[in-house]
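Engineer: The following comprises the amino acid sequence and a computationally predicted model.
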Amino acid sequence: MKVKELLSDESKWTRNAYARNRYGESVLPSDPEATCFCLSGAIDKCYGSNPPLAWAVSCKIEGVLPRAWHGGIQTISNFNDNACFDQIKKVLEEADV
């Protein structure tokens with residue numbers, strides 16, 4: 001499953017935690033009770049069993065992230081926690097992951 005398929009709608013996305021359960025509690029992305037994920041958590045959920053592929057997907061996403069407000073490189077987590085869902089979807093479509 002691609003990250004963009006896992007994060008197919010806003011109800012499956014979260015901020016400030018890798019993943020959350022149906023009660024909004026922070027859980028690991030691998031937790032069977034996880035219902036929504038941040039970008040990093042979604043990468044882990046989709047590709048965590050294949051670290052080289054997870055790293056490659058992370059690099060593709062980082063390659064299309066907008067520059068940080070200070071002109072530096074934006075991290076996936078920082079972008080996730082400060083973006084709206086439409087921005088998340090745009091990055092995932094552009095990276096095709």
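Structural biologist: That came through, no problem. Residues are numbered from 1 along each chain as shown.
Engineer: Can you show me the strands along this structure?
Structural biologist: 19-20, 26-27, 36-37 (DSSP state E).
Engineer: center of this protein - which residue?
Structural biologist: The chain has L39 as the residue nearest its centroid, 0.7 Å off, counting by Cα atoms, centre = their mean.
Engineer: Spatially, what comes nearest to that residue if we skip its sequence neighbours?
Structural biologist: Excluding the flanking residues, the one nearest L39 by Cβ to Cβ, 6 or more residues apart in numbering is N80, at 4.3 Å. In this view, the C-beta of every residue, glycine as well, is placed from N, C-alpha and C.
Engineer: if I pick the spatially closest residue to A54 that is not a sequence neighbour, what's in contact with it?
Structural biologist: Distance criterion Cβ to Cβ, 6+ apart; nearest residue to A54, sequence neighbours excluded, is Y47 at 3.8 Å. Y47 makes contact with L53, A54, V57 under the criterion Cβ atoms under 8 Å, 6 or more residues apart in numbering.
Engineer: What separation do you get for the residue nearest to L39 and Y18?
Structural biologist: Distance, N80 to Y18, using Cβ to Cβ, to the nearest Å: 10 Å.
Engineer: Can you check which residues contact both of the two?
Structural biologist: Joint contacts of N80 and Y18 (Cβ under 8 Å, 6+ apart) are C38, S40.
Engineer: And the longest helix seen in the chain, what does it pack against?
Structural biologist: Secondary structure of the chain per DSSP state H: the longest helix is helix 51-64. When contacts are defined as 3 or more Cβ pairs under 8 Å, 6 or more residues apart in numbering; DSSP states H and E, helix 51-64 sits against helix 39-47, helix 76-82, helix 85-95.
Engineer: okay, these in TSV with mean pLDDT and distance to S30 next?
Structural biologist: TSV is the format used below for those (pLDDT from 0 to 100; distance: least, Cβ to Cβ, whole Å):
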stretch	mean pLDDT	distance to S30
helix 39-47	97	7
helix 76-82	93	18
helix 85-95	95	20
